[in-house]
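>>> sequence first, predicted model second:
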Amino acid sequence: MKTTFILLATLSGFLACKSSPTPSTTAQDWHTQSNDPEVHCQHLDLNIRVDFEQQQIAGCATWTIENKQAKALHLDSDELTIDSVLVDAHAVAYTKDARVAHLGERIRIPIAAASKQVAVYYHTGAHPRALQWLTAQQTLSKTKPFLYTQSESIYARSWIPCPDGPGIRFTYDATVQVPKGFMALMSAENPQQRAVDGIYHFHMPMAIPAYLMALAVGDIEFKAIDARTGVYAEPTMITKAANEFAEVGKMVSQAEKLYGPYRWGRYDMLVLPPGFPIGGMENPKLTFCTPTIIAGDKSLVNLIAHELAHNWSGNLVTNATWNDFWLNEGFTVYFERRLTESLTDKSYADMLWELGYQDLQATLEELKDRPADTKLKLDLTGRDPDDGLNDIAYEKGALFLRAIELKVGRTAMDTFLNQYFNHFAFKTITTELFLAYLQEHLLAKFPEQTKDLAIDAWVYGTGVPKNAPRADQDRFKQVNATRTSFLQTGALDLKATSTWTTHEYLHFLRLMPKPLAVAQMQQLDQVFHFTQTGNAEIADLWFIMTVAANYKPAMYAEQNEAMRNFLSSVGRRKFIVPLYKELMAHPYSVPVAKQWYHAFRNNYHPLAQESLDKIVGGK
Ligand code: BES
Ligand code: ZN
């Protein structure tokens, strides 16, 4: 068990927040077995070799420690093989605890009061949960194999022995040896050209938590967008990606106007092969993202707004434990929508708010037997943090901030957020500390306006409070009318739909009755060509409707190809989990689901495989 002592910055403010449960001065992070801060890991020197033949990372993690009188350093590890450990260059007898479910194996390394450096020689296990090793065939360019990591939430320990809690920050340097001709990138200052000898040096001067450690190796090229931003991708994707992200430089400047300086130097993006299990990951200096946002028309770039926003909420001000995850994601969704609004307009942002509201309602429905998981402040003790991380943190969290904004006004809200990001920069934050800060620096200035905010209900209560705001429906009203007339008369108002963006189409389809009649599916397909769409958000929704309707061509002919192609390459859990669920829900599609999953399982990331094994059945 790890204990982080966090001094309450403003005791008076926190006392003013009288109705909350007594805020603890201690953030207990059940999900790490390290013993920071008794021994603080200040800096990591990582020296590793990436071996594609053996599918293994091997090398040494050297920690510069600050020992506050502990007898041992405890680090997290998950199926790592430890080869030897040196403390200040002397071999020591370390021990490894038995595995604890979800947490892995704690390593105990004896140290003295004056010990300074602990070097752990290790190699990765057979199935590290953070890593996906792709064959050349599983990439877009099909030229070289590819490796990438996904460390959030507690998987860094499966490729680096480390203190793996979001409340523990360290700086790092790394030397990474890869086969000649490959490019290597990290969440650090990155090369723009390949190293002739395959040896790369990385430097990360800002202290970050372990979940932001990241590495990618493959046939990767770089293209600049402007002086501060650029994109990395496989050769066949690089031009498309650079076009799609052409506006990202402006996005960074706009984010700075809203919430203060971008403090991480460069902002680059890496477009991964399609097996990447999530939409995006906010690795510092280098956002990792799925190629499924490259729609060709910039319509899904708001995902970048989200990952960019994490450079304030999450990377700069970090949730102290995974129970406080809403402080990372809820703030980021709020920030992302404000950023998108300032780059487009209110009617566009309102559509995103409304789609988020629908997601939230769907999540509440899914969690109706687990109401405790609908609280913002979670209790994930004894659980896999992945189980608790859902749209509640994102959408209920964002809506809570929106509710505050509507009470105090935008100017006060933005002043407060700027102050908050500054005050807690490069620090961690608990829910209680945030509430205390909120009380003192914002709510206390607007006692009348905020007296019925119902903070407790928002943070510690289940479901969504009755005073939850709902976005204006200006653009969706017209979409609803189009849908209704289609359902009632079969007529489609093509003049109305000619101006639609992806988000109008999503709303149009989401609220269709399920299942639609085959003839209705056919008509929609003839008019909008949904089966052939290059937009993964629309495709996924359409395929789910297709299965529900048992839209025949889907099961046998051309559309089968489209869905099969989609499932064969795309590994994004948000898309494939609901689609496989729908396939498994009907007797006529169970065989094809099993057949496809059997064929494509290896194309998915280990974490996606874990989710899907439960739905479709394992190997
Ligand atoms: N940090 C998350 C991804 C994450 C969360 C990974 C928890 C592992 C555990 C990232 O910023 C994120 O939220 N991605 C979303 C995109 C988004 C636009 C909501 C995703 O991947 O779908
Ligand atoms: Zn996020």
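Done, it's in. Ligands and ions are numbered 1, 2, ... in the order given.
>>> ranges for the strands of the stretch 51-200 of the chain?
Assigned by DSSP state E, counting those that start in this stretch, the strands in the stretch 51-200 of the chain fall at 56-67, 72-75, 81-87, 90-91, 95-96, 107-110, 117-123, 131-134, 146-149, 169-177, 183-186, 199-209.
>>> avg pLDDT for the third one?
Strand 81-87 comes out with an average pLDDT of 98.
>>> tell me what the biggest helix by length in the chain is packed against?
Longest helix in the chain by number of residues, with DSSP state H as the criterion: helix 346-366. Judged by 3 or more CB pairs under 8 Å, 6 or more residues apart in numbering; DSSP states H and E, helix 346-366 is in contact with helix 325-343, helix 391, helix 397-408, helix 474-489, helix 502-510. The C-beta positions use only the backbone N, C-alpha and C, and glycine is treated the same way.
>>> still on that earlier bit, in JSON lines: the strands of the stretch 51-200 of the chain, plus distance to Lys407 and mean neighbour count.
Below are these laid out as JSON lines (distance: least, CB to CB, whole Å; neighbours: other CB atoms under 10 Å):
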{"stretch": "strand 56-67", "distance to Lys407": "43", "mean neighbour count": "20"}
{"stretch": "strand 72-75", "distance to Lys407": "45", "mean neighbour count": "24"}
{"stretch": "strand 81-87", "distance to Lys407": "53", "mean neighbour count": "16"}
{"stretch": "strand 90-91", "distance to Lys407": "60", "mean neighbour count": "9"}
{"stretch": "strand 95-96", "distance to Lys407": "52", "mean neighbour count": "14"}
{"stretch": "strand 107-110", "distance to Lys407": "49", "mean neighbour count": "21"}
{"stretch": "strand 117-123", "distance to Lys407": "50", "mean neighbour count": "20"}
{"stretch": "strand 131-134", "distance to Lys407": "44", "mean neighbour count": "23"}
{"stretch": "strand 146-149", "distance to Lys407": "41", "mean neighbour count": "24"}
{"stretch": "strand 169-177", "distance to Lys407": "33", "mean neighbour count": "20"}
{"stretch": "strand 183-186", "distance to Lys407": "42", "mean neighbour count": "25"}
{"stretch": "strand 199-209", "distance to Lys407": "32", "mean neighbour count": "18"}
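>>> on the three-state scheme, the residue in the stretch 501-619 of the chain that ligand 1 sits nearest to is what?
Closest residue of the stretch 501-619 of the chain to ligand 1, CB to the nearest ligand atom: Lys574 (5.0 Å). Of the three states, Lys574 takes helix according to DSSP: H, G, I helix; E, B strand; the rest coil.
>>> do Ala255 as well
helix.
>>> neighbours around it, how many?
24 (other CB atoms under 10 Å).
>>> and the nearest residue to it once chain neighbours are set aside, what pLDDT?
Take Ala255 and drop its neighbours on the chain: the residue closest to it by CB to CB, 6 or more residues apart in numbering is Leu339, 5.4 Å away. Looking at Leu339, its pLDDT stands at 98.
>>> likewise Glu561?
Predicted confidence (pLDDT) for Glu561: 86.
>>> around ligand 2, pick out the residues from the chain.
Contact residues (CB under 5 Å from the ion) of the chain with ligand 2: Glu329, Thr332.
>>> swap in 6 Å and give it another go.
By CB under 6 Å from the ion, the residues of the chain that approach ligand 2 are His306, His310, Glu329, Thr332.
>>> for the second one, give me its contacts.
Spelled out, that is His310. Taking CB atoms under 8 Å, 6 or more residues apart in numbering, we find His310 in contact with Glu282, Asn328, Thr332.
>>> how close does the closest residue to the second one other than its chain neighbours sit to Thr533?
Think Asn328. Nearest residue to Asn328, sequence neighbours excluded (CB to CB, 6+ apart): Gly314, at 4.1 Å. Using CB to CB, to the nearest Å, Gly314 is found at 32 Å from Thr533.
>>> between the two, who's got more neighbours?
When neighbours are counted by other CB under 10 Å, Gly314 and Thr533 differ, and Gly314 comes out ahead with 25 against 18.
>>> excluding its backbone neighbours, what's nearest the residue in the stretch 1-150 of the chain that ligand 1 sits nearest to?
Of all residues in the stretch 1-150 of the chain, Gln150 sits closest to ligand 1, at 6.7 Å by CB to the nearest ligand atom. Distance criterion CB to CB, 6+ apart; nearest residue to Gln150, sequence neighbours excluded, is Ala130 at 5.7 Å.
>>> how about Gln192?
Nearest non-adjacent residue to Gln192, counting by CB to CB, 6+ apart: Phe222, 4.4 Å away.
>>> and the helix or strand hosting that neighbour, what other elements does it pack with?
Secondary structure assignment for Phe222, by DSSP states H and E: strand 221-224. In terms of contacts (3+ CB pairs under 8 Å, 6+ apart), strand 221-224 is packed against strand 229-233, helix 238-244.
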